[in-house]
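Visitor: got a predicted structure plus its sequence, pasted below:
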Amino acid sequence: MSRVEEFLTAEEEQEIVDAIIKAEKNTSGEIRVHIEAHTRLDLLDRAKEVFHFLKMDNTKEENGVLLYIAVNDRKFAIYGDKGIDKVVPNNFWDATKEGIRKDFVAGNFKEGIINGVLKAGKELEEHFPWLHGDTNELSNEISKG
């Protein structure tokens, strides 16, 4: 079994999917988690590439958020589309990343991901509230590369 497959149990993955559903419940924003083994690219460049591959840049309000994790590299990045990036406080991404990092350092990967997802969801809800007729534009499943 690969390190990507071993990173989270099936139960932990389902808890993360449940957190994504909860985080997206009151917003038109979209949140995805992508896990892969390694990247040779700059971390944020790879996150942007995955963001595009997952079609997250096609959301109506440009309000997608991707949590990208490179397991073997022991690194992660958060990437927000233009719509959310221009309305969040200046320190939002760094503060969210620091919270996740603390959980990851302690070996609490599932908790770090869930906390990051829920924090992003709260911010999305504030700036992009759910409106009648909004639909879930993207899958909530964890993608793997």
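Guide: Thanks, I have it. Numbering: from 1, shown residues only.
Visitor: quick check: closest non-adjacent residue to the residue positioned nearest the centre of the chain.
Guide: Of all residues in the chain, the one closest to the mean position by CA atoms, centre = their mean is Leu67, 3.0 Å from it. Leaving out its chain neighbours, the residue that sits closest to Leu67 by CB to CB, 6 or more residues apart in numbering is Val33, at 4.8 Å. Where C-beta positions appear, they are placed from N, C-alpha and C, glycine not excepted.
Visitor: low-confidence ranges, the chain, go.
Guide: Across the chain, the ranges flagged by pLDDT under 70 are 1.
Visitor: what segments of it are strands?
Guide: Secondary structure of the chain (DSSP state E): strands at 30-36, 64-70, 75-80, 143-144.
Visitor: work out the gap between stretch 58-71 and the centre of the chain.
Guide: 6 Å (CA atoms, centre = their mean, to the nearest Å).
Visitor: how long is that stretch end to end?
Guide: End-to-end distance for stretch 58-71: 27 Å, by CA to CA, to the nearest Å.
Visitor: list the buried residues for that stretch?
Guide: Residues of stretch 58-71 classed as buried by neighbour count (16 or more other CB atoms under 10 Å): 59, 61-71.
Visitor: for the longest helix seen in the chain, buried residues please.
Guide: In the chain, taking DSSP state H as the definition, the longest helix is helix 109-127. Going by neighbour count (16+ other CB under 10 Å), the buried part of helix 109-127 is 109-117, 119-121, 123-125, 127.
Visitor: same deal with stretch 22-38?
Guide: Neighbour-count burial for stretch 22-38 flags 23-24, 26-37 (criterion: 16+ other CB under 10 Å).
Visitor: need these in JSON lines with distance to Glu6, can you?
Guide: Formatted as JSON lines, the buried residues of stretch 22-38 follow (distance: CB to CB, whole Å):
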{"residue": "Ala23", "distance to Glu6": "25"}
{"residue": "Glu24", "distance to Glu6": "27"}
{"residue": "Asn26", "distance to Glu6": "34"}
{"residue": "Thr27", "distance to Glu6": "32"}
{"residue": "Ser28", "distance to Glu6": "35"}
{"residue": "Gly29", "distance to Glu6": "30"}
{"residue": "Glu30", "distance to Glu6": "27"}
{"residue": "Ile31", "distance to Glu6": "23"}
{"residue": "Arg32", "distance to Glu6": "21"}
{"residue": "Val33", "distance to Glu6": "16"}
{"residue": "His34", "distance to Glu6": "16"}
{"residue": "Ile35", "distance to Glu6": "11"}
{"residue": "Glu36", "distance to Glu6": "13"}
{"residue": "Ala37", "distance to Glu6": "11"}
